[in-house]
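Trainee: Sequence and predicted structure are below.
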Amino acid sequence: MAWRGDPVWLADILREEGLRVVEFPGWRDRGHGDFGDIWGVIAHHTGGSRTPPSEIAYGTAALEGPLSQLHLAQDGTVTVVAVGVAWHAGLGAWPGLPEDNANFHTIGIEAANNGTEGWSREQYDAYVRCCAAILRRLGHGADRVIGHKEWAGPKQGKWDPGAMDMDKFRADIADRLKGDDLMALSDQEQRELLDKLRRIHFELTYGFQSRVADSEYRDTIAGYVLNSDAADFRNEQRLRALELKLDRLIEAVGKTPTVIVGAGGGGGGGASGFSAGSIPGGAGGAQ
């Protein structure tokens, strides 16, 4: 079910996303009324590189604040300035949103940027993270992020956020959301998984004492396994070398003349002698 009501969770989910978050004084009570259902996010640039969060919170002489719920600095710091409806969208149209009434159905992010200077890695990455965190909480995909220029370009001539390809921006948000398998687990399941990962990390990195008596050797489980594998390999090489030596010895023995050593009898007087087959002329004497 889609979220209904003010996004009171903004600061919490942004911190969980790893962002630097500042809570502007009074943000929980600031807004032009309460949300109904929240469709998604509209991305903006402020028009100035150093627009302060206070301007987004309090507004200008031309338009009363808040002008969005979030302010995004160039260093990636996110300031939550309001929880209620903000005047950020104006007249416009987009599939899925009521015409000319996006303020009551979208969270606005105003990024401090003049629209032509480009986007630093820190600011762009934080922008992607902000949108992903919000969409994750709302249960929506990256298609629920649009640029102000997409919403209000035809009716107001808006071009923000400038120098940003919205299709690529949405693709980067989608990539960020792909890593959300853990979010499908309950808090208890996540804690159990974390405990298991910590145990695995411990067993892979802790130096265990050798079980050999009087040995002072210590190593990780992986170290012991690898050392055992190396020892097996060395033993196998030694066995192959020994087998080769035995083969050569057997071959050498097979080529050596046969020697008969015995007590002897008859006319031999007990002396040792070669076998008849090994003496030219054989047993018949000289020829």
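Mentor: Alright, I've got the coordinates. Numbers count the residues shown, from 1 in each chain.

Trainee: Show me where the stretch 1-150 of the chain has its strands.
Mentor: 21-23, 40-45, 70-72, 78-80, 106-111, 145-147 (DSSP state E, counting those that start in this stretch).

Trainee: Out of the ones you listed, which gets nearest to residue 5?
Mentor: Each of those was scored for nearness to residue 5 using Cβ to Cβ, and the closest is strand 106-111 (12.5 Å). To be clear about C-beta, it is placed using only N, CA and C from the backbone, and glycine gets the same treatment.

Trainee: The closest one vs strand 40-45, what angle?
Mentor: Strand 106-111 runs at 20 degrees relative to strand 40-45, counting by axes from the mean of the first three to the mean of the last three Cα atoms, to 10 degrees.

Trainee: Quickly run through the sheet partners of strand 106-111, with directions.
Mentor: strand 40-45 (parallel), strand 70-72 (parallel) (DSSP bridges).

Trainee: avg pLDDT for the first one?
Mentor: Read it as strand 40-45. Strand 40-45 comes out with an average pLDDT of 98.

Trainee: from the middle of its chain, how far away would that strand be?
Mentor: 27 Å (Cα atoms, centre = their mean, to the nearest Å).

Trainee: Then stretch 127-147?
Mentor: Centroid separation for stretch 127-147 versus its chain: 20 Å, with Cα atoms, centre = their mean.

Trainee: Any chance you could list what contacts it?
Mentor: Contacts to stretch 127-147, defined as Cβ atoms under 8 Å, 6 or more residues apart in numbering, come from residues 2-3, 7, 9-10, 13-14, 16-19, 38-44, 70, 72, 78, 94, 107, 109, 111, 119, 160-161, 164, 166, 169-174, 176-177, 180, 183.

Trainee: Can you mark which positions in that stretch are buried?
Mentor: 127-138, 140, 142, 144-147 (16 or more other Cβ atoms under 10 Å).

Trainee: Pull that stretch out as CSV, backbone CA atoms only.
Mentor: Listed next in CSV are the C-alpha coordinates belonging to stretch 127-147 (Å, rounded to 0.1, in the frame of the first residue of the first chain):
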residue,chain,number,x,y,z
TYR,A,127,21.1,13.1,-5.3
VAL,A,128,20.8,9.5,-6.5
ARG,A,129,20.9,8.3,-2.9
CYS,A,130,18.2,10.7,-1.8
CYS,A,131,15.8,9.6,-4.5
ALA,A,132,16.6,5.9,-3.9
ALA,A,133,16.0,6.2,-0.2
ILE,A,134,12.6,7.9,-0.7
LEU,A,135,11.4,5.5,-3.3
ARG,A,136,12.5,2.5,-1.3
ARG,A,137,10.4,3.8,1.6
LEU,A,138,7.4,4.5,-0.7
GLY,A,139,7.8,1.1,-2.3
HIS,A,140,8.2,2.6,-5.8
GLY,A,141,10.7,2.2,-8.7
ALA,A,142,13.0,4.8,-10.3
ASP,A,143,10.2,5.8,-12.8
ARG,A,144,8.6,7.8,-9.9
VAL,A,145,11.4,10.4,-10.2
ILE,A,146,10.9,13.2,-12.7
GLY,A,147,12.7,16.5,-13.4
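
Trainee: Let me see the mean pLDDT of it.
Mentor: 97.

Trainee: try stretch 173-188
Mentor: 74.

Trainee: i'd like the first residue to be 90 from this point on
Mentor: Taking 90 as the first residue, the last one we looked at is stretch 262-277.

Trainee: how long is it from one end to the other?
Mentor: End-to-end distance of stretch 262-277: 27 Å, with Cα to Cα, to the nearest Å as the criterion.

Trainee: Look up the closest residue to residue 105, ignoring the ones flanking it.
Mentor: Nearest residue to residue 105 in three dimensions, chain neighbours excluded: residue 222, at 7.0 Å (Cβ to Cβ, 6 or more residues apart in numbering).
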